[in-house]
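# I need the structure of the sequence given here:
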Amino acid sequence: MRVAPIAFAVAILGTGSAHAAVLNLMAPVGGANLYAIRDFTAPSSDVEGAVVAGGNVTISSYSINHNDKDAFGKDGYALVAGGNLSLQGGSIENGKAYVGGTSSLTWAAAPQAATSNPVDFKAASTYYKGVADALSGLDATGAVTRLWSGVQVTGSGKGGVDIFNVSSDIFANSSSWTLEKLVPGETLVFNVSGSAGTFNNGGISFQPLAGYNVLFNFYEAQTVDVRGVIGSVLAPYATQTANWGVINGNVIVDTWSSTVQVNANHYFNPVDIAGLKLDAGGDAASARVPEPGSIALVLAGLAAAGVARRKRRSA
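Sure, this is the predicted structure:
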């Protein structure tokens, strides 16, 4: 469930200045390469780093963590599955595997078994949905526009972090990137709206983004078809459905049902993001500070809602 906008308002009423929070994207899952809130399913391919899934992991002809990028530190976890594991041909390498249910391995060596679950799945799910919603509420500092058959990305010119708000339609058939007013190494957050997130129907090369810390935030998407990407993907409400291609970065989805290869590079680096607030429980909220008049309106609205509730109860 999405975090209600009124909860964001309540969270910021007492603030007197803009906030910033360090977004350490993969902290709840120990720095894993890929996290699926629910099930992870794939008939072939690989994830070069660690995989965490809250539900079942059902894979065949598949490799996990070949590049020895454990979750939760060196000698940590190659796989954490909250449900059952079914592996038919392939390998889980260079780390322990925690399986909350049953394990079925065919034509595959058994990984070192772990008895303890390092992930709070409920908290992780809440965290990622909160982060996606909060990022989508930040003010844009740059723009993405069409340029011939491709897109032009224009930043603020200040470096640090640039926020872009864009419809998924603009990326669906793009064939090129043109970058303007960006500082090498800065963080680029693309808030991508729309119920279906699609990249690369036009064969776009993401190589121009290789020198940046990139996050694509599909905060509304129910499905994503994402491939050929250099940058991390946050889509906590979506199922990944693409059946070819590569993602270079971290991935967070609701459900993974895909043969896309996920490489253990271009992980999202922790970064301070102005206007983003993470509360003590790990939930995220937009920390835009209302004007005094806005605060009065919010308070009046809350009071009216309370009166309405009391009337309903007494009716």
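
# can you classify Pro236 by secondary structure?
Following DSSP: H, G, I helix; E, B strand; the rest coil, we place Pro236 in the strand state.

# excluding chain neighbours, what is closest to it?
Among residues not flanking Pro236 along the chain, Tyr128 sits closest, at 4.2 Å (C-beta to C-beta, 6 or more residues apart in numbering). (C-beta placed from N, C-alpha, C; glycine too.)

# in a helix, the one you found, correct?
Yes. Per three-state DSSP, Tyr128 lies within a helix segment.

# just the helices in the stretch 1-150 of the chain please.
Assigned by DSSP state H, counting those that start in this stretch, the stretch 1-150 of the chain shows helices spanning 5-12, 121-136.

# domains of this protein?
Split into domains by automatic domain parsing, the chain comes to 5-17+289-314, 20-274.

# any idea which of those has the lowest pLDDT on average?
Looking at the domains of the chain, the lowest mean pLDDT belongs to domain 5-17+289-314 (a mean of 37).

# Thr223 and Gly194 touch, don't they?
No. The pair Thr223 and Gly194 does not pass the contact test of C-beta atoms under 8 Å, sitting 10.1 Å apart.

# highest mean neighbour count out of the domains of the chain?
When the domains of the chain are scored by mean count of other C-beta atoms under 10 Å, the highest mean neighbour count falls to domain 20-274 (a mean of 20).

# that one: end-to-end distance?
4 Å (C-alpha to C-alpha, to the nearest Å).

# check contacts around Leu25.
Shown in contact with Leu25 (C-beta atoms under 8 Å, 6 or more residues apart in numbering): 131, 215, 232, 234, 250, 252, 268, 270.

# switch the cut-off to 10 Å
By C-beta atoms under 10 Å, 6 or more residues apart in numbering, the contact list for Leu25 reads 31, 35, 127-128, 131, 215, 232, 234, 249-250, 252, 267-271.

# keep only those of these that are in strands.
Secondary structure assignment by DSSP state E places 35, 215, 232, 234, 252, 271 of the contacts of Leu25 in strands.

# show me which of the contacts of Leu25 is closest to Glu93.
Lowest distance from Glu93 to these (C-beta to C-beta) belongs to Gly31, with 16.6 Å.

# correct me, but that closest one touches Val80?
No. The criterion here is C-beta atoms under 10 Å, and Gly31 misses it with Val80 at 11.8 Å.

# which neighbours do the two share?
Joint contacts of Gly31 and Val80 (C-beta under 10 Å, 6+ apart) are 50, 52, 71-72.

# and which of the residues you listed is nearest to Phe206?
The closest of the shared contacts of Gly31 and Val80 to Phe206 turns out to be Ala50 (C-beta to C-beta; 22.9 Å).

# give me the nearest residue to the closest one, chain neighbours excluded.
Ala71 (3.8 Å).

# beta partners for the one you found?
Taking DSSP bridges as the rule, Ala71 bridges to Tyr77.

# please renumber the chain so that the first residue is 13 from this point on.
Sure thing, new numbering starts at 13, so read that last one as Ala83.

# right, and it touches Asn45 too?
Yes. Taking contacts as C-beta under 10 Å, Ala83 lies within contact range of Asn45: 8.1 Å.

# where do the contact lists of the two overlap?
38, 61-64, 77.

# need the contact list for the closest residue to Gly61 other than its chain neighbours.
Once flanking residues are discounted, Gly61 sits nearest to Asn45: 2.8 Å by C-beta to C-beta, 6+ apart. Neighbour list for Asn45: 38, 59-64, 76-77, 79, 81-83, 244, 259, 261-263, 274-277, 279 [criterion: C-beta under 10 Å, 6+ apart].

# if you set the cut-off to 8 Å instead, what comes out?
For Asn45, the contacting residues are 59-63, 77, 81, 262-263, 274, 276, 279, by C-beta under 8 Å, 6+ apart.

# could the shared contacts of Gly43 and Val92 go into TSV alongside distance to Glu105?
Formatted as TSV, these follow (distance: C-beta to C-beta, whole Å):
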residue	distance to Glu105
Ala62	10
Val64	16
Ala83	13
Phe84	16
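
# just the terminal-to-terminal distance for stretch 144-157.
22 Å.

# you'd agree Pro220 is in a strand?
No. Looking at Pro220 with three-state DSSP, it is helix, so not inside a strand.

# nearest spatial neighbour of it, skipping sequence neighbours?
Trp189 is the one closest to Pro220 (C-beta to C-beta, 6+ apart), at 4.4 Å.

# that neighbour: what's it in contact with?
Counting by C-beta under 8 Å, 6+ apart, Trp189 makes contact with 162-165, 216-218, 220-221.

# quick check, nearest of those residues to Gly102?
For the contacts of Trp189, the closest approach to Gly102 (C-beta to C-beta) belongs to Phe218, at 27.2 Å.

# residues touching that closest one, list them.
By C-beta under 8 Å, 6+ apart, the residues touching Phe218 are 189, 240-243, 260.
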